[in-house]
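In: here are the coordinates; sequence isn't available:
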């Protein structure tokens with residue numbers, strides 16, 4: 001019997017990582033945060049002082065990108081390793097998020113990281129989240145979800161998250177960055193953000209964390225039972 005796959009797509013700040021991880025725990029599936037993979041490459045580009053607008057320079061980084069994800073740290077979380085170094089905390093900084101958005105718009109980068117993502121789905125039951133999972137990475141996923149919320153709700157949640165991490169930013173700045181990130185993700189040439197035709201829409205704008213998780217689980221279970 002083949003492995004089951006759940007693809008969760010949606011815009012930045014929609015809570016995909018938090019909700020997908022919790023859903024995977026409930027379902028007993030492996031959680032794969034594909035955004036963390038792009039963030040790790042973005043971190044490498046920043047550390048090597050690569051011009052993110054120089055596609056050729058970013059592509060030249062790929063042979064040096066020793067990226068590994070693991071779930072064996074004992075805390076139940078996905079940890080990202082860059083050239084043998086655990087960078088799980090480093091990749092959550094705002095500047096790394098912006099770098100990830102830039103490198104992920106390059107088709108050669110997406111092609112380079114594609115097999116890493118697909119191999120995990122072949123070997124495990126997975127809940128995988130990102131921006132093109134249901135449309136490009138796992139087009140044959142058993143369940144596809146498009147998880148979203150209004151830009152304002154996403155900005156508020158992002159501000160709360162940054163405050164908890166000790167790196168606060170003001171709401172207007174965060175909102176502007178989210179709106180700009182949406183614009184880039186939707187309009188980019190390489191795997192633009194869009195809802196797959198057969199994806200279930202889950203809008204969490206008016207929902208708290210517990211309600212959002214329940215809405216996601218209801219949609220996933222309904223899809224798996226079909």
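Out: Yep, it's here. None of these values were measured; they are calculated from a predicted model. Numbers count the residues shown, from 1 in each chain.

In: count of residues packed around residue 84?
Out: Burial measure for residue 84: 7 neighbouring residues, criterion other CB atoms under 10 Å. To be clear about C-beta, it is placed using only N, CA and C from the backbone, and glycine gets the same treatment.

In: Now residue 128: phi and psi?
Out: Dihedral pair for residue 128: phi -120, psi 130, per degrees, to the nearest 10.

In: Could I get the contacting residues of residue 98?
Out: Contact partners of residue 98, counting by CB atoms under 8 Å, 6 or more residues apart in numbering, are 42, 177.

In: rerun at 10 Å
Out: By CB atoms under 10 Å, 6 or more residues apart in numbering, the contact list for residue 98 reads 42, 46, 52, 177, 180, 181, 184.

In: quick one, strands of the protein?
Out: Secondary structure of the chain (DSSP state E): strands located at 5-9, 30-33, 67-70, 79-82, 85-86, 126-130, 143-148, 200-203.

In: hmm, back to that, any chance of a ChimeraX selection covering the buried ones in the contacts of residue 98?
Out: With 16 or more other CB atoms under 10 Å as the burial test, the buried ones among the contacts of residue 98 are selected in ChimeraX as follows:
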select :42,46,52,177,181,184
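
In: Just the closest of the contacts of residue 98 to residue 105, please.
Out: Nearest to residue 105 among the contacts of residue 98 is residue 184, at 6.8 Å by CB to CB.

In: shouldn't the closest one be in contact with residue 104?
Out: Yes. Counting by CB atoms under 10 Å, residue 184 does reach residue 104; the two are 9.4 Å apart.

In: returning to that earlier point: would you mind giving the contacts of residue 98 as CSV with pLDDT and distance to residue 66 added?
Out: Converted to CSV, these look like this (pLDDT from 0 to 100; distance: CB to CB, whole Å):
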residue, pLDDT, distance to residue 66
42, 96, 15
46, 97, 16
52, 95, 20
177, 92, 29
180, 91, 31
181, 88, 27
184, 87, 27
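
In: Quick check: the farthest pair among the contacts of residue 98?
Out: 46 and 180 (18.6 Å).

In: For residue 4, list the residues it contacts.
Out: Contacts of residue 4 by CB under 10 Å, 6+ apart are 27, 29, 121, 124-127, 141-143, 220, 223-224.

In: Please repeat the previous calculation with a cut-off of 8 Å.
Out: Counting by CB under 8 Å, 6+ apart, residue 4 touches 29, 125, 126, 142, 224.

In: Report the contact partners of the nearest residue to residue 100 once chain neighbours are set aside.
Out: Counting by CB to CB, 6 or more residues apart in numbering, residue 42 is the residue found nearest to residue 100 once chain neighbours are left out, at 3.8 Å. With contacts defined as CB under 8 Å, 6+ apart, residue 42 is in contact with 52, 91, 96, 97, 98, 99, 100, 101, 102, 103, 104.

In: Can you tell me which of those has the most neighbours?
Out: residue 103 (28 neighbours).

In: Check the spacing between that residue and residue 218 real quick.
Out: From residue 103 across to residue 218, the span is 35 Å (CB to CB, to the nearest Å).
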